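**Q** please work out how this folds:
(4 chains)
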2 protein chains.
Amino acid sequence: MNWQDVLTENGYRVSGPRKLVMQVLESNAQPMTPLEIYQELSQSGRALGMVSVYRALELLAELGLVCVVYDPDGSVGYVAGGVGHHHHILCQKCHQAIAFAGSEDLSSLIQRVEEETNYRVSDHLLQLYGICPDCQKISAEAVE
Amino acid sequence: MNWQDVLTENGYRVSGPRKLVMQVLESNAQPMTPLEIYQELSQSGRALGMVSVYRALELLAELGLVCVVYDPDGSVGYVAGGVGHHHHILCQKCHQAIAFAGSEDLSSLIQRVEEETNYRVSDHLLQLYGICPDCQKISAEAVE
DNA sequence: TGCTTATTGAAAAACATTATCAATAAGGTC
DNA sequence: GACCTTATTGATAATGTTTTTCAATAAGCA
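**A** Here you go, the predicted structure:
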């Protein structure tokens, strides 16, 4: 099921602004802030009200069509993505982000924490930070 | 080493505002936003400029004396805490948070993701969301 | 093609964060 | 304990971000 169908099935319209926001996010690997999305659209002549960007993001995030990620620098961004539960790994240099699956690997940790704390765990937030392959290459070249 | 010493050893002064912010955070289990901290101090007659709250938090976070946590509702809060690497589990009802250790449990996941993605992982963000023991009790009673 | 109504856009309001700089107080020294 | 140096504070203003409002527009259906 593509994202247009998700909108439709939930009673929302596939409007211009929503299409544009999804397009921009899908063509950018790194998470983008609302402002960055707005600017990218403005520059490419597909101007959109800032308000529409916010509203589109809010809805798309609610439907799970885009994900919220927390950048190491503290800013909050959005990435297109993915049905199903997954996490992101972010590059600390170029801010590229890619997704990875693997909630199963947390289950033993979650179980242990439930026992220790008596909390009942229902969800989690996991992000990894590091250096992407490209930036590793660049660093290596700089040293040579 | 207590937090005053950490400030001193890094060349910072143990000033009034910094003390107050730490006090408030230490006496609250749930993460607090800058505004909440400011309000709590105002109400208890220990008023402080909003600016000082921001500055104190920024410094304390940088020194690792307080942690940033992301609430399920999207807001960003600070909790007093802990030397050493650890994570937090947040209650979705009452917003209480407590810490737990256990980075080791992630090492196999991290290794797998490094192999899959060729990223070099150096840090991570992990938070669990759930219901704390107290709120579980309340729910149970409500059903009776 | 036309109708209904969700959705948009622009401006303003509300809110959050950062910069500036003179006044203050922390911590070392005598 | 008083004094001096300088980091730190606080008030104001500037800046930036997000939300509200409401008439105008366009999406989807008949």
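**Q** my read is that A:Ile89 contacts A:Pro133, right?
**A** No. A:Ile89 is beyond contact range of A:Pro133, at 11.4 Å (criterion: CB atoms under 8 Å). For glycine as for every other residue, the C-beta is placed from the backbone atoms N, C-alpha and C.
**Q** please enumerate the shared neighbours of the two.
**A** Common neighbours of A:Ile89 and A:Pro133, using CB atoms under 8 Å, 6 or more residues apart in numbering or on different chains, are B:117, B:119.
**Q** those two: which is more packed in?
**A** A:Ile89 (24 against 13; other CB atoms under 10 Å in any protein chain shown).
**Q** so what's that one closest to, chain neighbours aside?
**A** If the residues on either side of it in the chain are set aside, A:Ile89 comes closest to A:Leu128, at 4.2 Å by CB to CB, 6 or more residues apart in numbering or on different chains.
**Q** contacts only, for the one you found.
**A** Taking CB under 8 Å, 6+ apart as the test, what A:Leu128 contacts is A:87-90, A:100, B:110, B:113, B:119, B:121, B:123-125.
**Q** so it lies in a strand, does it not?
**A** Yes. Counting by DSSP: H, G, I helix; E, B strand; the rest coil, A:Leu128 is part of a strand.
**Q** and it, what's its pLDDT?
**A** The model reports A:Leu128 with a pLDDT of 93.
**Q** remind me, longest helix of chain A?
**A** helix A:50-62 (DSSP state H).
**Q** follow-up on the earlier one: show the buried residues in the contacts of A:Leu128.
**A** A:87-90, A:100, B:110, B:113, B:119, B:121, B:124-125 (16 or more other CB atoms under 10 Å in any protein chain shown).
**Q** is the residue nearest to the spatial centre of chain A in a helix, a strand, or coil?
**A** In chain A, the residue lying closest to the centroid (CA atoms, centre = their mean) is A:Val79, at 2.8 Å. Of the three states, A:Val79 takes strand under three-state DSSP.
**Q** give the contact list for the residue nearest to it when sequence neighbours are not counted.
**A** Nearest residue to A:Val79 in three dimensions, chain neighbours excluded: A:Pro31, at 4.7 Å (CB to CB, 6+ apart). Residues near A:Pro31 by CB under 8 Å, 6+ apart: A:69, A:71, A:77-79, A:88, A:90, A:95, A:97.
**Q** so where's chain A shaky on pLDDT?
**A** A:82-83 (pLDDT under 70).
**Q** so which helix or strand takes in A:Cys135?
**A** helix A:133-143 (DSSP states H and E).
**Q** residue ranges for the strands of chain A, please.
**A** Along chain A, the stretches classed as strands by DSSP state E are A:66-70, A:76-80, A:87-91, A:97-100, A:120-131.
**Q** next one: the second one to chain centre, how far?
**A** Which is strand A:76-80. 4 Å (CA atoms, centre = their mean, to the nearest Å).
**Q** residues in contact with stretch A:98-111?
**A** With CB under 8 Å, 6+ apart, stretch A:98-111 has contacts from A:29, A:67, A:79, A:81-82, A:84-89, A:121, A:124, A:126, A:128, A:132, B:102, B:105-106, B:108-109, B:112-113, B:116-117, B:119, B:128.
**Q** which positions in chain A make contact with chain B?
**A** Residues of chain A lying near chain B by CB under 8 Å from any CB of the partner chain: A:68, A:70, A:72, A:74, A:89, A:91-92, A:98, A:100, A:102, A:105-106, A:108-110, A:112-114, A:116-133, A:136.
**Q** give me the neighbour count for A:Asp73.
**A** Using other CB under 10 Å, A:Asp73 has 8 neighbouring residues.
**Q** how near is it to A:Leu7?
**A** Distance of A:Asp73 to A:Leu7, computed by CB to CB, to the nearest Å: 32 Å.
**Q** now do the buried residues in stretch A:40-51.
**A** Those would be A:40-41, A:48, for stretch A:40-51 by 16+ other CB under 10 Å.
**Q** quick one: neighbours of A:Ala142, just the number.
**A** So A:Ala142, with other CB under 10 Å, has 7 neighbours.
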